[in-house]
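Chemist: A predicted structure for the sequence below; I have some questions about it.
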Amino acid sequence: MTLPKFISILAKPILGLTLAVLALTAPLSLPPTQPVERYFRIEASQFAYSPGVLQVNPGDQVTIDLVATDVVHGIYIDNYELQASADPGQTARLTFTADQAGLFRFRCLVPCGQLHPFMLGKLQVGPNQLFLRAVLLSLAGLLLVLWKKPLSTISI
Amino acid sequence: MEKAALYHFDLTRYAWLRRLLTSRWPQFILRAITLAGFVLVILTGFIGSPVGSRNFAVMFVWIAWWSALKLIMLPFGGRAWCSICPIPMPGEWLQQGWLVKPGGKMFNLGLRWPRRLRNTWLQSAGFAAIGLFSALTLTTPVVTAWIFVGLIVVAVAVSVIFEQRSFCRYLCPMGGFIGLYATMAPLELRPQPGLTPVEKGAAAREWPRGCPWINNPAALKANANCGLCLECLRTESGANMALNVRSFDAELGQPGAFRLDEAFLSLGLLGSVMIYSAVFQGPWGALKNAALNAGSGAWWSFAAFFLLASFGLLPALLAGASALVRRTGNLAQPLQMVFTLFSRALLPLGLLSWIAFTVSFAFGKLAYLWPVLSDPFGWGWNLFGTASVEWQPYLLSATPVIETVLLVTGLIWSGRTILKTAEQLGVRGERRWAAAPVLLFALAGTLTMLWLLIG
């Protein structure tokens, strides 16, 4: 195998790897902000939380009051592994420091009806880096696909 | 073609495996087991707990089976599920007059399926209907049971009136989904390479009777309509057939025709997985309630949106993108051909979107399965000591990363196939940028799925 052919074979995987590494390691963080106290009152009813998306910054002290408006509902925050449940008309409180950055789902913990397993909300701590990197990775993937030498001449 | 053939490995070259596959008993035993599970689903659906997460019917069908189908059986085995599916069994028993192989008095008119319906339109309609009622189906045991009873009744009726497995090939709502994505499976049943015209002729004369899926196996080139029932291996010409392992791209990477009905099914499935993701993984309660309350005004709006988005908007967007490619690439082929071929190129994105969606909910819901294994009816039993296992989600940290990898892989795979398709149409070299509108369509689909699952 000649050196140019060897290089041409390796060029695409190397380019792909470089683009992937760039997409996964590019600095996307915002400058750190001063932690503040955040308060959310979430109304839970079949089969939604209102508000359904909570946004805080890393380090914020977060207090969530969960109010069940129809039947018993719960809340379980993925990865934080925090949970609480509230009887109808009652309030349950969760307090925690948002010390893990990223997007986390919270879900109902108490069987509350047909769509209980799909009663979900989102807690976003800081920018959603995974999503941003996934977008970059997708663009890098397309660039990689487009970067090719002319191929066959098959015609339909 | 020669390059692709390098990636085919004939499993049936091993005599013991060929013997195992040509015997009807192993397959019959597997089908008997799935039939028992099917009967249990119907029983638990009708007389078990009405709470979906406490009922075997809902948890087994929509969490265990539906996830296993999309994560394992379909991507690695293609129509492997069809080869052990119990739904056509009662109808087949009537057709062949015996349980395991043809032998007794047959109850079958043997009519040919109507020519105008020899396509996937009815399967698309069936899959869309399941999608419209998905929030109800996935959570209500009795609805799941009625769907299974309905499938059996229709399958038996079709088996009595029409030839062979017409139900599986033309009607089964899952059949279109599985068949389309089986194109990318690394398993295929094909004639041995190098059959002489005499052998092909002999085989063609025998096989139409031997193939329940109404194929001529001597001419089999695609996975879509081969149910891996293995009956062709069991005929006198069976030695001319082979079960091959192949690369995932072996079939999709080759030029191939794609019909308009298949194009609409491909795009309908892509649209469906986006809507399923929004309903089941999104934070929008109004959307969930609209999908759940069948017959309400909100549900009609949901149904209209579901159908228009999946079978109207996406095809319209791809048709527009195809028209741009056709114009900028100076293509002579008709727009319909360009559109259908590009919709075929989007199959990898569709399949990997379904897998990513499944990953997003399967690991979170898997723990609901353990209690119902011990207490399938929700009556307080504890058969295997798992009735009181508490719910906890699995692999929480890993699932968003896995979903990302799957979706980006789907985009790259579809992107490569789009460019290959463009080349086959005549867009080559520096002009390959003319394919950008379809690449952007694939990118938009990927970003939408990423936003719904991890955004």
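Modeler: Received, thanks.
Chemist: going forward, measure contacts between C-alpha atoms and count neighbours the same way
Modeler: Fine.
Chemist: which SS state does residue B:252 fall under?
Modeler: Of the three states, residue B:252 takes coil according to DSSP: H, G, I helix; E, B strand; the rest coil.
Chemist: Quick one: residues contacting it.
Modeler: B:183-184, B:345, B:417 (C-alpha atoms under 8 Å, 6 or more residues apart in numbering or on different chains).
Chemist: out of those residues, which are buried?
Modeler: B:183-184, B:345, B:417 (16 or more other C-alpha atoms under 10 Å in any protein chain shown).
Chemist: give me the number of residues near residue B:115?
Modeler: Neighbourhood size, residue B:115 [other C-alpha atoms under 10 Å in any protein chain shown]: 7.
Chemist: rewinding a little: just the closest of the buried ones among the contacts of residue B:252 to chain A, please.
Modeler: residue B:417 (9.5 Å; C-alpha to the nearest C-alpha).
Chemist: Show the contacting residues for the closest residue to that closest one other than its chain neighbours.
Modeler: Spatial nearest neighbour of residue B:417, excluding adjacent residues (C-alpha to C-alpha, 6 or more residues apart in numbering or on different chains): residue B:345 at 5.2 Å. By C-alpha under 8 Å, 6+ apart, residue B:345 lies in contact with B:252, B:414-415, B:417-418, B:421.
Chemist: Now, those that are in helices?
Modeler: Of the contacts of residue B:345, the ones assigned to helices by DSSP state H are B:414-415, B:417-418, B:421.
Chemist: where exactly do the strands run in chain A?
Modeler: A:37-45, A:48-50, A:53-56, A:61-68, A:73-77, A:82-86, A:91-97, A:102-107, A:120-125 (DSSP state E).
Chemist: does the second one come close to chain B?
Modeler: Yes: against chain B, strand A:48-50 shows contacts by C-alpha under 8 Å from any C-alpha of the partner chain at A:48-49.
Chemist: In the sheet, which strands lie alongside that strand, parallel or antiparallel?
Modeler: strand A:37-45 (antiparallel) (DSSP bridges).
Chemist: next one: the third one
Modeler: Here strand A:53-56 has these sheet partners by DSSP bridges: strand A:120-125 (parallel).
Chemist: for the strand it pairs with, the distance to its chain's centre please.
Modeler: 8 Å (C-alpha atoms, centre = their mean, to the nearest Å).
Chemist: what sits against the residue nearest to residue A:75 when sequence neighbours are not counted?
Modeler: Using C-alpha to C-alpha, 6+ apart and skipping residues adjacent in sequence, the residue nearest residue A:75 is residue A:108, 4.8 Å away. Residues in contact with residue A:108 (C-alpha under 8 Å, 6+ apart) are A:73-76, A:116-117, A:119-120.
Chemist: from the residues you listed, which is closest to chain B?
Modeler: Nearest to chain B among these, with distances taken as C-alpha to the nearest C-alpha, is residue A:120, at 5.2 Å.
Chemist: so the closest one bridges to which residues?
Modeler: residue A:107.
Chemist: contacting residues for it?
Modeler: Per C-alpha under 8 Å, 6+ apart, neighbours of residue A:120: A:47-49, A:52, A:105-108, B:281-283.
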